[in-house]
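>>> any chance you can model this:
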Amino acid sequence: MNTGGGGAPGAGTPARQRRTRTGRHTSARKAPPKPSGAQEASSIVESLLRTKSVMKQDLERLSHVTDAIDSDGAMLRDTQESHQGLGGLAKGARGALRYLQAQERREAVVLWAAVLFFYLSALYVFWTRVRIPFLLW
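Numbering: from 1, shown residues only. Sure, this is the predicted structure:
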């Protein structure tokens, strides 16, 4: 008994089941209800508000990063100026150090000359007073 009439395949099956192209029976699914225009607009507005909030946070973060970069740049410029000022000071210190090292060498020569003079003088006095000729022969 075919109640659907027409003798077409699947015509006698209940409305819930339909035959697919492969010949299998599947149950009919209800399509999700389409949102109304107001719901779609509300959803779009919410999405845009979230996007606006995220963009605002990113903009604030970027502003803070820019401020940090500016302050770091100013600090680097100050450091560079300080180092340039110290460059002349270092050259002066280097010159003073070379002068002191040369003076130290001169004083060492004078010291050894004085020590030598002292020993020669002491030897002369000892030689003239004691008169020991066999020490130097």
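
>>> helix or strand for A41, just tell me which one.
helix 37-130 (DSSP states H and E).

>>> show me how far that helix is from its chain's centre.
Computed by CA atoms, centre = their mean, to the nearest Å, the separation of helix 37-130 from the middle of its chain amounts to 20 Å.

>>> now L116: how far from G37?
Distance of L116 to G37, given as CB to CB, to the nearest Å: 114 Å. Backbone N, C-alpha and C define where each C-beta goes, glycine included.

>>> where in the chain is pLDDT low?
Counting by pLDDT under 70, the chain contains low-confidence residues at 1-35, 132-137.

>>> at 50 instead, please
For the chain, applying pLDDT under 50 flags the ranges 1-2, 4-6, 8, 10-11, 13-16.

>>> burial measure for G73, as a count.
Neighbours of G73 under the rule other CB atoms under 10 Å: 10.

>>> how far away is L49 from L59?
L49 sits 15 Å away from L59, going by CB to CB.

>>> can you check A68 too?
When distances are taken as CB to CB, A68 and L59 turn out to be 15 Å apart.
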